[in-house]
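A.B. asks: Predicted coordinates and the sequence they were generated for:
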Amino acid sequence: MKAIIKRFLKEETGVTAIEYGLIAGLIAVAIVGGVSTIGGSLGTMFNNLGSCITSPTTTSGSTSTANPACTAPWK
């Protein structure tokens, strides 16, 4: 019985597959974290862009001014 346990502890087959699985899991966590962090600001930016496309200027009485949502977010 001791020989079987020693042989089992020394055996390394399957270790590579486990390592690849862990790496894939860490990459997935990093992607999900990045998307959730950036996602909100990207959504806001695209909403502002859509607002600028539909109404680039606002009118108040007889004057027309630029839509405040039409500022470049990258500046």
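C.D. replies: Arrived safely, thanks for sending.
A.B. asks: Quick check: phi and psi on E12?
C.D. replies: Dihedral pair for E12: phi -120, psi 10, per degrees, to the nearest 10.
A.B. asks: next one: the one 10 residues further on
C.D. replies: L22 has phi and psi values of phi -60, psi -40 when expressed as degrees, to the nearest 10.
A.B. asks: so how many other residues sit close to it?
C.D. replies: Residues within reach of L22, counting by other Cβ atoms under 10 Å, total 10. Using the backbone N, CA and C atoms, a C-beta is placed for each residue, glycine as well.
A.B. asks: any idea how far V29 is from it?
C.D. replies: For L22, the distance to V29 equals 11 Å [Cβ to Cβ, to the nearest Å].
A.B. asks: Roughly how far does L49 sit from S36?
C.D. replies: Following Cβ to Cβ, the distance that separates L49 from S36 is 21 Å.
A.B. asks: The two: who's more crowded?
C.D. replies: L49 (13 against 9).
A.B. asks: which intervals of the protein have sub-threshold pLDDT?
C.D. replies: 58-62, 64, 67-69, 71-75 (pLDDT under 70).
A.B. asks: can you give me the helices for it?
C.D. replies: 2-10, 15-54 (DSSP state H).
A.B. asks: Single out the most deeply packed of these.
C.D. replies: Highest mean neighbour count among the helices of the chain (mean count of other Cβ atoms under 10 Å): helix 15-54, with a mean of 10.
A.B. asks: what packs against that helix?
C.D. replies: Helix 15-54 sits against no helix or strand, with contacts defined as 3 or more Cβ pairs under 8 Å, 6 or more residues apart in numbering; DSSP states H and E.
A.B. asks: next one: that helix to chain centre, how far?
C.D. replies: Its chain's C-alpha centre and that of helix 15-54 lie 1 Å apart, by Cα atoms, centre = their mean, to the nearest Å.
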